[in-house]
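**Student:** Next one to model:
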Amino acid sequence: MAFIRTIPPEQASEALRSMYERQRAHFGYLPNYAMVFCYRPEVMAAWAALIGCIRKHVEPRRFELVTLSAAHALENTYCALAHGKALAELMDAEDIPAIVNGGQPRGLSAAEHEIVRLARKVARDARSVSAGDIARLRDCGLSDAEIFDVVAVTAGRAFFTKILDGLGADADPVYLEMAAPLRHALTVGRPVPGTPPADGRTAA
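**Tutor:** Numbers count the residues shown, from 1 in each chain. Predicted coordinates:
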């Protein structure tokens with residue numbers, strides 16, 4: 001579940017127990033990612049506040065599209081699954097594999113195609129972003145404030161994925177319930193435990 005020893009709920013301090021309870025109340029279970037923040041629940045709270053501050057300026061479909069694109073480019077299965085699942089509730093789920101594989105499904109607007117492009121580029125190599133990349137979004141009608149939001153959502157996701165992958169947080173078993181083709185398209189890093197990886201062996 002993680003490379004570090006995590007603190008179970010029955011041994012949690014008051015602050016940690018409160019964080020665990022908030023996560024459980026939201027999801028109906030305690031997600032693995034929350035466990036890796038067990039030694040620094042205040043960091044989880046600070047990150048959540050930051051993402052909440054960024055997110056309030058971004059409509060839900062755009063937020064999920066940017067987050068999925070960033071998570072996939074960063075090769076983080078956990079976040080790709082979570083936000084691919086969320087995006088599938090806001091658009092045709094059949095378009096999602098094409099989006100993450102670099103396709104251009106008709107379900108996306110021209111502006112959304114450019115948003116995906118920028119999010120992936122920022123996630124993979126922010127230094128490579130040029131003024132021309134930003135101009136392409138302006139040409140699609142985005143304001144500079146909206147462009148900032150796309151980059152900010154991507155940067156916030158990068159922090160989270162590095163924590164999860166660096167500490168070995170596995171995606172939660174609930175994602176095994178996703179349709180196999182969609183789950184496969186979103187499994188870009190570590191496989192979900194219990195699913196067969198490419199070589200046919202079962203992931204531990």
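
**Student:** got the residue ranges for the helices in the protein?
**Tutor:** In the chain, the helices defined using DSSP state H lie at 14-27, 32-36, 41-55, 60-73, 77-87, 96-100, 110-125, 131-139, 144-166, 180-186.

**Student:** Residue 172: which of those helices is closest?
**Tutor:** helix 32-36 (5.5 Å; CB to CB). Using the backbone N, CA and C atoms, a C-beta is placed for each residue, glycine as well.

**Student:** Need the residues that contact that closest one.
**Tutor:** Contacts with helix 32-36, where a contact means CB atoms under 8 Å, 6 or more residues apart in numbering, come from 1-2, 4, 6-7, 19-20, 23, 44, 78, 160, 163-164, 167-172.

**Student:** got the helices of the chain as TSV, with mean pLDDT columns?
**Tutor:** Shown next, in TSV, are those (pLDDT from 0 to 100):
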stretch	mean pLDDT
helix 14-27	97
helix 32-36	97
helix 41-55	97
helix 60-73	98
helix 77-87	98
helix 96-100	92
helix 110-125	97
helix 131-139	98
helix 144-166	98
helix 180-186	94
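
**Student:** Let's have these in a markdown table, adding distance to residue 192.
**Tutor:** Listed next are the helices of the chain as a markdown table, based on distance: least, CB to CB, whole Å:
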| stretch | distance to residue 192 |
| --- | --- |
| helix 14-27 | 16 |
| helix 32-36 | 10 |
| helix 41-55 | 22 |
| helix 60-73 | 14 |
| helix 77-87 | 7 |
| helix 96-100 | 16 |
| helix 110-125 | 21 |
| helix 131-139 | 33 |
| helix 144-166 | 13 |
| helix 180-186 | 7 |
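
**Student:** Out of these, the one nearest residue 194 is which?
**Tutor:** helix 180-186 (11.1 Å).

**Student:** If anything else comes up later, I'll come back, but that's it for now.
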